[in-house]
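Colleague: predicted model and sequence follow; I will ask about them next.
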Protein chains: 2
Amino acid sequence: MPAMPNWNAYAAQCPTRVVLDRIADKWTVLILGLLGQQPRRFNALLREIEGLSQKMLSQTLKRLERDGLVRRTVFATTPVTVEYALTPLGETLAESLATLIRWAEDNIEAVQAAQRMFDAKTGADARPA
Amino acid sequence: MPAMPNWNAYAAQCPTRVVLDRIADKWTVLILGLLGQQPRRFNALLREIEGLSQKMLSQTLKRLERDGLVRRTVFATTPVTVEYALTPLGETLAESLATLIRWAEDNIEAVQAAQRMFDAKTGADARPA
DNA sequence: CAGCATCCTTGTCGATACTG
DNA sequence: CAGTATCGACAAGGATGCTG
């Protein structure tokens, strides 16, 4: 990859795919959505995101930290307190992701209607799990 | 879910999760990105998205069609021609997703830099596959 | 050209138990 | 509180071969 490249997510080996892989993750979207409001502690995130296991939270946070999207701060209280917050870079992404969450909330009914139509026409359950 | 609900993606059973599940898919983002430019045929998509298998393309397109985001049109040529295009609903989502692709292209270098920093500090390979 | 059906390998993810 | 470690079930997804 040259110095001033045309990054192209459609090329298999293009590094922009790593960003898509990060975004293309339900938990990432939800976590960054919350951190976009305000910093949170580990267990706060765990409580606020239903269905999220502690393993996935831990794993996802570590990846987000590695990608420079989230900053992890440890406070030497007893017991120890850890706060997660967006980095400036993370904030720019969180804004775009917030748009997606809003889109979902605004258009879920249209999507559900389309699904009912489709299922009725195909007569059967082409429905995924 | 009531008639005028506060859809909340943070609730496990909230239907907005289905939209997130759709978005939370690398191929969805890339496919809708292309269809946002112009309609394409099946094999055109297959060729333009490197690393995408025919199985995943087929599967993803069917889901997108079911969700009312993509319209599938069959032309009775021989051999048969099939065109995929965004629905009006799909276009509104594709715009948001295009933002993400642009974000990835604009910020990939910052992300990579953060990764190098992180890997250097942790001394080792916390890197995922 | 535009797919579907099958096999089979890999990875994802939840559950559980334990640590500083 | 904030995690790590391990196991096992499940499903995603690639490869291959076949169809209208």
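Modeller: Good, I have the coordinates.

Colleague: quickly find the element holding A:A110.
Modeller: helix A:88-121 (DSSP states H and E).

Colleague: hmm, that helix touching chain B?
Modeller: Yes - on the criterion CB under 8 Å from any CB of the partner chain, helix A:88-121 is in touch with chain B at A:89, A:92-93, A:96-97, A:99-101, A:103-105, A:107-108, A:110-115, A:117-119. Every C-beta, even on glycine, is put in place using the N, C-alpha and C of the backbone.

Colleague: name the nearest residue to A:G51, ignoring sequence neighbours.
Modeller: Distance criterion CB to CB, 6 or more residues apart in numbering or on different chains; nearest residue to A:G51, sequence neighbours excluded, is B:A12 at 3.9 Å.

Colleague: that's a strand at the one you found, yeah?
Modeller: No - B:A12: not assigned to a strand; according to DSSP: H, G, I helix; E, B strand; the rest coil it is coil.

Colleague: I'd like the distance between it and DNA strand D.
Modeller: B:A12 is 17 Å from DNA strand D, where distance means CB to the nearest atom of the strand, to the nearest Å.

Colleague: next, that residue: phi, psi?
Modeller: phi -60, psi -40 (degrees, to the nearest 10).

Colleague: would you check how far apart it and A:A85 are?
Modeller: 25 Å (CB to CB, to the nearest Å).

Colleague: neighbour-wise, which of the two wins?
Modeller: A:A85 (15 against 10; other CB atoms under 10 Å in any protein chain shown).

Colleague: correct me, but that one touches A:T73?
Modeller: Yes - with contact defined as CB atoms under 8 Å, A:A85 reaches A:T73; the gap is 7.0 Å.
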